[in-house]
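**Q** When you get a sec, could you give me coordinates for this:
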Amino acid sequence: MKKFFIAMVALFIAVPMVAQTWGYIRDEDGYTNIRSGPGTNYSIIQKRRDGSEILYSRGKGNWYRVYADYGEPIGYIHASKVVSSRRSAPQPRVHKRWGIVVREGGYTNVRSGPGTRYSIVKKVRDGSDILFSGRPGDSWYRVYDRNGDYMGYMSANKIIWNE
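**A** Numbers count the residues shown, from 1 in each chain. Next comes the predicted model:
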């Protein structure tokens, strides 16, 4: 089990960050659709006006992955609707809040993704102060160490907002 855990951590660290690029939407209809997946069979989750600036990266096939301007994934857009910009992508601007890990007499898991199906990458002592990002109502928050360095995800019901 220990070897498996070490292999999973090594794989997680070895996965490269996705290069994000600024671009503009070009669509004669005046707007284009942002979809929940890479294809027209996926639902429309947003519409963007022609000329709107977007942050994107390679997705699947002829579809780009679209991000909010602070780096959080939104959905997909067809590559034919995007004109690249020379502007470099920003570092994600994440509003971090202080919270407290719920006291349950031990440790709380930090996972590699937002759900229990993701691997445990770290454990944080219950009752600890923790930095996190997310919105009220989210079921999982991104969590950070005291220096603001990203650690992973923690279930929202394990964090008490400290504001």
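
**Q** host element of Y153?
**A** Per DSSP states H and E, Y153 falls inside strand 150-155.

**Q** Run the chain-centre distance for that strand.
**A** Once both centres are worked out by Cα atoms, centre = their mean, to the nearest Å, strand 150-155 turns out to sit 11 Å from its chain's centre.

**Q** And P73, how close does it get to S84?
**A** 19 Å (Cβ to Cβ, to the nearest Å). In this view, the C-beta of every residue, glycine as well, is placed from N, C-alpha and C.

**Q** returning to what we had before: buried residues in the strand holding Y153?
**A** Buried positions in strand 150-155, judged by neighbour count with 16 or more other Cβ atoms under 10 Å: 151-155.

**Q** export these to JSON lines and tack on distance to D126 and pLDDT?
**A** Listed next are the buried residues of strand 150-155 as JSON lines, based on distance: Cβ to Cβ, whole Å; pLDDT from 0 to 100:
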{"residue": "M151", "distance to D126": "16", "pLDDT": "86"}
{"residue": "G152", "distance to D126": "17", "pLDDT": "87"}
{"residue": "Y153", "distance to D126": "17", "pLDDT": "90"}
{"residue": "M154", "distance to D126": "11", "pLDDT": "93"}
{"residue": "S155", "distance to D126": "13", "pLDDT": "93"}
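
**Q** between the residues you listed, which is nearest N41?
**A** Y153 (28.6 Å; Cβ to Cβ).

**Q** The closest one against T116, yeah?
**A** No. Using Cβ atoms under 8 Å, Y153 is not in contact with T116, being 10.2 Å away.

**Q** For G75, give its distance to T21.
**A** Taking Cβ to Cβ as the measure, G75 falls 16 Å from T21.
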